[in-house]
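1. what's the 3D shape of this:
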Amino acid sequence: MSKSIKLAILGLGTVGTGVINLINDNLDELKRRSGRDIVITEVGTRRQRDDIDPNIIQNSDLMATAASDNIDIVIEVIGGTTLAKDVIMHAIKNGKHVVTANKALLAEHGNEIFAFAEQHNVHVAYEAAVAGGIPIIKVMREGLAANKIDWLAGIINGTGNFIMTEMRDKGRPFADVLIEAQELGYAEADPTFDVEGIDAAHKLALLASIAFGIPLQFDKVYCEGITGITLQDVNYAEELGYRIKHLGFAVRRDGTGNGEAAGIELRVHPTLIPQNALLANVNGVKNAVLVNSHPLGQTLYCGDGAGAGATASAVMADVMDLVRVLGTDDQSNPGNNSHHVPHLAFIPEQLSDTPILRAEQMITGYYLRVHAYDNPGVLADITRILSDAGINIDAILQKPAHKLGQVPVIILTLPVVESQMNLAIEKIEKLDTVPDKVVRIRLDELA
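-> Okay, the predicted model is just below:
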């Protein structure tokens, strides 16, 4: 008879409570799928909870819980990168498998944590760290294991997607929508991680490592938020057949032609994409990841990216994977790590040192908004500068002059190396007829 699998949940916030509820609601299904009884033995919480089963030990000493002989799997959902790291490393040292939803911790310290887990023959599972209930980690590590991934693009922060959707659909300014997002619980009181792209960058670092077999390198992700996006740009983009989404990109560049450098682009920023693109109609707080691989081609994975139910679902999917390989009582090595898919999808010694490209080496199309005085020859000056820089124009939209005597000129370009665009913008801003900074938003056809 197989032994029961005993869980410890560290942190009883929204996610931790969601995991308890999921286990209670679906206990029979879990047993039928795993062949095991799955039991929550202990929870780590700073304050006693009256609504917890009295048979579950409540312990404020998280380190003691992580090392308990009465635990098989530790679920870390306390967040942060200090205490959470200490607790996870302590659990690993004591031979516990770990499930975590902590994308910031893994993006910044995952290389160390995964290596430590390998040394101690245990596994750290993290499906819930990226895109909530969408099983994108499992898809990329297992479902696409035979494919070469060329690029991926994702809406991987629900707060940013909600804000951009409301701005477009209801014509509301950024500041107003942000307040609503906070009231609805989509954004934190301090929304910096969401609106400045840091949360998405954490997740992109994880996805890129799995996609390309490279060490985690969060510090090399180019990151740009949505705080500078205006209704004016949202409306102009719509008029030109595009929508603005806050996307994360991981792109493999082979270094062929047009000044392209070989390496990997890791970038998070607002992006114009065609209105008929697969990601263009993923709205509200939904997340989605578009993966382009060979030989499969493009595949889209979409669903709830946050919330108790979605995250608890991903946490328990990891638990179920671990349960299946923990072994039965008569096995000599119940924690045999050889049964696991590698943490970052590739055998650790096969991770590559492919360089991460610098921001000025990135290649994208561009949306440029230039406010120029309504003088003869202004448009010719601007287009000449772009042409001299080797930048091809795809479309131009000139709007009527406003009361300051300035004409908004909107230009869409074909893909170009960022350093070329930087030089062109610098020259345009030096024109006497251009009094303001040029607004730039990257553009991608997702083809």
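
2. all contacts plus neighbour counts: C-alpha atoms, from now on.
-> Will do.

3. Give the rounded mean pLDDT of the helix or strand that contains D381.
-> If you go by DSSP states H and E, D381 is part of helix 378-388. For helix 378-388, mean pLDDT is 96.

4. In it, which residues are buried?
-> Residues V378, L379, I382, T383, I385, L386 are the ones in helix 378-388 that count as buried (16 or more other C-alpha atoms under 10 Å).

5. quick one: the first one from I385, how far?
-> The span separating V378 from I385 equals 11 Å under the rule C-alpha to C-alpha, to the nearest Å.

6. Could you pull out the helices in this structure for me?
-> Along the chain, counting by DSSP state H, helices occupy 14-25, 27-34, 62-67, 83-93, 103-119, 136-138, 158-170, 174-183, 192-195, 198-212, 231-239, 308-325, 378-388, 418-429.

7. so A67 makes contact with A91?
-> Yes - the pair A67 / A91 is scored as a contact, 5.5 Å apart, by C-alpha atoms under 8 Å.

8. Check whether L290 really touches A153, as I assumed.
-> Yes - in this structure L290 lies within contact range of A153 using C-alpha under 8 Å: 5.3 Å.

9. So for G158, what's the pLDDT?
-> pLDDT recorded at G158 is 95.

10. Equivalent analysis for K3, please.
-> 81.

11. Next: F174.
-> Confidence for F174, expressed as pLDDT, is 96.

12. wait, doesn't it sit right on V234?
-> No - the pair F174 / V234 is not scored as a contact, 10.8 Å apart, by C-alpha under 8 Å.

13. Give me the more crowded residue out of the two.
-> V234 (21 against 18; other C-alpha atoms under 10 Å).

14. got the contact list for that one?
-> M167, R168, R243, I244 (C-alpha atoms under 8 Å, 6 or more residues apart in numbering).

15. now for those, which pair is the farthest apart?
-> M167 and R243 (10.9 Å; C-alpha to C-alpha).

16. quick one, which of these two is more surrounded?
-> In this view M167 and R243 are compared by other C-alpha under 10 Å, and R243 has more residues nearby, 27 against 22.

17. Go ahead and confirm that one touches A277.
-> No - with contact defined as C-alpha under 8 Å, R243 does not reach A277; the gap is 9.3 Å.

18. Low-confidence ranges, the stretch 201-350 of the chain, go.
-> For the stretch 201-350 of the chain, the stretches flagged by pLDDT under 70 are 257-258, 327-339.

19. Go again with 80.
-> Scanning the stretch 201-350 of the chain with the threshold set as pLDDT under 80 gives 257-259, 325, 327-340.

20. Give me the contact list for stretch 410-425.
-> Contacts for stretch 410-425 (C-alpha under 8 Å, 6+ apart): 236, 258-260, 359-370, 385-386, 389-398, 438.

21. before we move on, what about stretch 303-321?
-> 14-19, 22, 30, 34, 73, 75, 99-101, 125-128, 130-135, 156-158, 285-288.

22. Just the buried residues of these.
-> 15-19, 22, 30, 73, 75, 99-101, 125-128, 130-135, 156-158, 285-288.

23. Distance-wise, check E166 relative to A288.
-> Applying C-alpha to C-alpha, the value for E166 to A288 is 17 Å.

24. my bad, L178
-> The separation that L178 has from A288, given C-alpha to C-alpha, amounts to 21 Å.

25. Just list the residues touching T271, thanks.
-> With C-alpha under 8 Å, 6+ apart, T271 has these contacts: R243, I244, K245, H246, L247, I441, R442, L443, D444.

26. what about 10 Å?
-> For T271, the contacting residues are 226, 242-248, 364-367, 440-445, by C-alpha atoms under 10 Å, 6 or more residues apart in numbering.

27. Take these and keep only those in strands.
-> Counting by DSSP state E, the part of the contacts of T271 found in strands is 242-248, 364-367, 440-443.

28. which of those residues lies closest to G79?
-> The nearest member of those to G79, counting by C-alpha to C-alpha, is G248 at 22.0 Å.

29. who does the closest one bridge with?
-> Applying DSSP bridges to G248 gives these bridge partners: G154, V268.

30. Next: the one 5 residues further on.
-> Taking DSSP bridges, one obtains G263 as the residues bridged to R253.

31. so how far is I363 from it?
-> 9 Å.
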